[in-house]
Structure formats: structure tokens, C-alpha cells
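Undergrad: only geometry, no sequence info:
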Ligand SMILES: Nc1ncnc2c1ncn2[C@@H]1O[C@H](COP(=O)(O)OP(=O)(O)OP(=O)(O)O)[C@@H](O)[C@H]1O
């Protein structure tokens, strides 16, 4: 059984010099269950690495608890927490061989020589590093170095592995391959992983669950599919998807939700009550279609960008930002021409403009199915 880890109500302040302490984590709670791959996702500076360093014991929290396997470890020193960490820069010793790098931690912990050798061989085999064991880090490719860093974590025998942007130094193709390999390895070995990244593609493709962070707070914790289909906050909607969800400022009045420029005007579905007066009307670029959907309107195409299989069409909807649609590349589209576009009511998302919260009851009223049903319906 692999380890589990949990953060409960963590507040973290940093004190630099004589300045007032600044709070960087606010009541942060999340967990990674045994065998789970949990990704901490958010923009630079939102507190992902700090959260990871707290789990590792490299930082102290001012409030809250950190639990590993259900035991509070706030006062347990880093060296005695049963976990391993993989850093972005790999932190390899340049003057040591690959074998020595992998075994370094075991040596420090005075693991017996024959046992060290056995674990080294096993790990090298697993990560396909056997031919390189006598080389120095400088003589390896980025991907191979990354595997050495991973090997050092695995060889420790820890079943809880913390990873801080471990793939960010690799080129795009290698990164894609490593994502798949890493995920496979994690599954095969049943490891519990807490993985930090600001790359939503990494989060969406690798995670069992994603913890979306912003400004030192947790915005949403959900599996990737739910995060995409039902963001609970406008900030999450804005962060997930490429391009992300269109969010248009709109007003609720006279039984309609109408965008400020008046181009989109949707009658409120029955059963939705107590709507805020100001809302953000959200629709994903993938959910906009040409001449289809139960809400259609005419608009002018500003620009179109061909991506290969798809094209990104930017339509004028009156406001400062265009409405972006991801359409199949087969549609012939001309800049400046008028088109009739639309969407289905159930694909609309509604957020309170002030609080940013998803409007409760909206999904049920629009007939939007749950993510589980949708998945089923799509077969
Ligand atoms: N040792 C420190 N002393 C003071 N402030 C710090 C220290 N380390 C981090 N911070 C601040 O804490 C906040 C969170 O930093 P953290 O490194 O956790 O963010 P992050 O989400 O991991 O960002 P990135 O993706 O850029 O690494 C930032 O505002 C950062 O400036």
C-alpha cells in the first residue's frame, strides 16, 4: 500500500528581512490518496512549490496540519518523512557517475552495499538507464538526466513522490513522451504522486485529480474532465482549455441573460431562480457551431487562424473581446464575412460576476447533464 498525504487548513507566511511577513498560502487543504496522481496547477507564484516543500518538510506552516498516512508530520524532520522529491533542475551531482547519483541517498542512509547494488540494477533496468551508469550527467540527454533524477527518487523505496515541474527543461516532443512514461510507471508501481506544474496540458493528461491554485488559495479540486466541463469558478474556466472558455459580461433582466453589447440574448430556462444581476456568460470555443444550436445569432468574422485539423475563428460580439470558436478546418471562412453561429443552452456556463462562483442550479435548469452521463452518451 502506497503512502497518502493530506494538507489541512494550511497557512504559510514568509518573512524576509525586517519586512512584515507575507502570507503565501491561505487555508490550503487537499489530499493525495494512496496510489493517486494529484497535480497542483496554477500560474507562477500561486504557491504550488511552497505546498510541495511543506509536504517534504523543507518549510514550516504557521497554521494547519500535514498528514502522511494519517499521521501528523508537522514536527517530523524532512529526512524522516518517507517520501522522495524530484526537482525541475534534476539536482544531479556533475562530478558523480549516474550510478553514484542514483545511489547517493542510499549511501547517505548507510544502506548496505549489496542492497544498494541490487536496487540500482533494478531501477536502472526499469528506467532503461543501464547502459549509462558509468557516465557523468553532462554526457546524457535532457530526457536521460530526467530519468536519473526519477531513478534517485524511486531507488529510495519511497511510495510517495513529490515532483516540482520535472519535465519543464525538456523539449516538447520529449516532454510528451515522458508524460506518458511517467504516468505508466506511476500506475505500474502504484506510487502516490504530488506533481507541480503550471502547464494545464500536463495536468489534464496526467492527473487523477487536479488541485487548481490561485493567489495562495485552492480554487477547485476535481478530475480533469470535471474541471473542463464544470469549472466551479470563472478563474478556473479562464485557466483551463486552449483557448480557454469565452467569458462575456452579461446582465440578467426581463427573463433573459444578455451580453452587454446585446449580441447574445438567451431566455432564462425554467426553474432557475435567484440569479445575480451581473453575470459572466461562458461558452467553450469547442461548443460553438455554424448554423446550429438552439441559440443562434448573426455576427461578423474578425479573423481566422488555421491550426491544422481545426481553425480558430474570432467573431465580433460587440464587446472588447471577440468570441472565439474552434471550428473544423473544412468550413470555408472569410475574414469580414457575416455568419450565423450558435450553441446549445446546455453548453452555457454562468458565473456570478462579483464572486466568480458558478451560479448554483444553472446546470440543472439548462438540462446540462453531469459529466458522467455525458461521457456515457458520447460512448
Ligand atoms: N523563501 C521565500 N521567501 C519569501 N517569499 C517567498 C519565498 N519562496 C516563495 N516566496 C513567495 O511565495 C509565493 C509562492 O511561491 P511558490 O514558489 O510556492 O509559487 P509557485 O506557484 O510554485 O510558482 P512557480 O511556478 O513560479 O514556481 C510567491 O509570491 C513567492 O514570491
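TA: Everything's here; your move. Note that the coordinates shown come from a computational prediction; the quantities given were computed from them, not determined experimentally.

Undergrad: Might you enumerate the residues of this protein proximal to the ligand?
TA: Within the chain, the positions lying close to the ligand (C-beta under 6 Å from any ligand atom) are 14, 16, 24, 42, 44-50, 198. The way it works is simple: take the backbone N, C-alpha and C, and place the C-beta from them, glycine included.

Undergrad: quick one: which of these is most hemmed in?
TA: Sorting these by how many neighbours each has (other C-beta atoms under 10 Å) puts residue 42 first, at 27 neighbours.

Undergrad: Chain neighbours aside, what residue packs nearest to it?
TA: Closest residue to residue 42 apart from its sequence neighbours, by C-beta to C-beta, 6 or more residues apart in numbering: residue 213 at 3.6 Å.

Undergrad: For stretch 257-264, list every residue counted as buried.
TA: Across stretch 257-264, burial judged by 16 or more other C-beta atoms under 10 Å covers 257-260, 263-264.

Undergrad: Stretch 126-146 now?
TA: In stretch 126-146, counting by 16+ other C-beta under 10 Å, buried: 126-127, 129, 132-133, 136-137, 140, 143-146.

Undergrad: what's the answer for stretch 217-232, then?
TA: Buried, per 16+ other C-beta under 10 Å, within stretch 217-232: 218-222, 224, 226-232.

Undergrad: Tell me which two of the residues you listed sit farthest apart.
TA: Within those, 218 and 229 form the most distant pair, 19.2 Å apart (C-beta to C-beta).

Undergrad: Mind checking which of the buried residues of stretch 126-146 are in helices?
TA: Using DSSP state H, the subset of the buried residues of stretch 126-146 located in helices is 126, 143-146.

Undergrad: how about the helices of the stretch 51-200 of the chain, start to end?
TA: With DSSP state H, counting those that start in this stretch as the criterion, the stretch 51-200 of the chain has helices at 98-108, 113-126, 142-155, 172-189, 200-206.

Undergrad: tell me the angle the fourth one makes with helix 142-155.
TA: It refers to helix 172-189. Angle, helix 172-189 to helix 142-155, by axes from the mean of the first three to the mean of the last three C-alpha atoms, to 10 degrees: 20 degrees.

Undergrad: Distance check, residue 240 against residue 210.
TA: 9 Å (C-beta to C-beta, to the nearest Å).

Undergrad: joint contacts of those two?
TA: Taking C-beta atoms under 8 Å, 6 or more residues apart in numbering as the criterion, residue 240 and residue 210 both touch 204, 227.

Undergrad: In terms of neighbours, single out the busier of the two.
TA: More crowded of residue 240 and residue 210, by other C-beta under 10 Å: residue 210, with 30 against 22.

Undergrad: Is that one inside a helix or a strand, and which specific one?
TA: Following DSSP states H and E, one finds residue 210 within strand 209-214.

Undergrad: who's in contact with that strand?
TA: By C-beta under 8 Å, 6+ apart, strand 209-214 touches 28, 30, 36, 38-43, 46-48, 51, 203-204, 218-224, 227, 235-236, 239-240.

Undergrad: Residue 283: neighbour count?
TA: Around residue 283 sit 23 other residues, with neighbours defined as other C-beta under 10 Å.

Undergrad: That one contacts residue 241, correct?
TA: No - here residue 283 lies out of contact with residue 241, judged by C-beta atoms under 8 Å, at a distance of 11.0 Å.

Undergrad: Read off the pLDDT value for residue 317.
TA: Looking at residue 317, its pLDDT is 92.

Undergrad: Spell out the residue ranges of the strands in the stretch 251-379 of the chain.
TA: Taking DSSP state E, counting those that start in this stretch as the criterion, the stretch 251-379 of the chain contains strands spanning 256-259, 265-267, 278-283, 289-290, 295-306, 310-316, 323-328, 338-343, 348-352.

Undergrad: domains in the protein, as residue ranges please.
TA: Domain ranges of the chain: 5-230, 244-366, per the TED database.

Undergrad: Nearest spatial neighbour of the residue in the stretch 251-379 of the chain positioned nearest to the ligand, chain-adjacent residues omitted?
TA: In the stretch 251-379 of the chain, the residue that lies nearest the ligand is residue 356 (19.6 Å; C-beta to the nearest ligand atom). Leaving aside its chain neighbours, residue 356 sits nearest to residue 234 (4.3 Å; criterion: C-beta to C-beta, 6+ apart).
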